[in-house]
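*Asks:* have a look at this prediction, sequence included:
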Amino acid sequence: MFNIWKVDWKMSKRTISFILSFIWIGLGTLMQISSYPRHNFLNFDYNSLIFNSLYFITFPSNILVFVLLFAEKLENIYLVLIGLQSIKIFIYWWIIYQILNRKK
């Protein structure tokens, strides 16, 4: 009767891990870029509780972005950031998938 609702957990875990890594890295990139006045195109309020909590939650995954933006030596910083964050999305995707897929 309930065989209609059977879910392929490997596909589901893969999808969930990709969504989690994409949101965490994407949100962290947005927080890092918007934390510098030169790059703040979304006009975030720096004193808001939401901004500060999201910034510190996503900071461990975005230390390299912080270093690149702090140095400000590259001319096309956004291309470098997109490339770096794309690599990190796949790395975090694999890590989160391994955590979700381990046997208990």
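*Replies:* It's in. Just so we're clear, the structure is a prediction, and the values are computed from it rather than from any experiment.

*Asks:* residue closest to the middle of the chain?
*Replies:* residue 25 (0.8 Å; CA atoms, centre = their mean).

*Asks:* residues contacting that one?
*Replies:* Residues near residue 25 by CB atoms under 8 Å, 6 or more residues apart in numbering: 61, 62, 85, 88, 89, 92. Bear in mind the C-beta positions are built from the backbone N, C-alpha and C, glycine included.

*Asks:* at 10 Å instead, please
*Replies:* Residue 25 makes contacts with 58, 61-62, 65, 84-93, as judged by CB atoms under 10 Å, 6 or more residues apart in numbering.

*Asks:* ok, now how distant is it from residue 75?
*Replies:* Going from residue 25 to residue 75 by CB to CB, to the nearest Å gives 23 Å.

*Asks:* then residue 22?
*Replies:* Applying CB to CB, the value for residue 22 to residue 75 is 27 Å.

*Asks:* if you count what's nearby, which of the two comes out ahead?
*Replies:* For residue 22 versus residue 75, the count of surrounding residues by other CB atoms under 10 Å is larger for residue 22: 14 against 7.

*Asks:* noted, bye for now.
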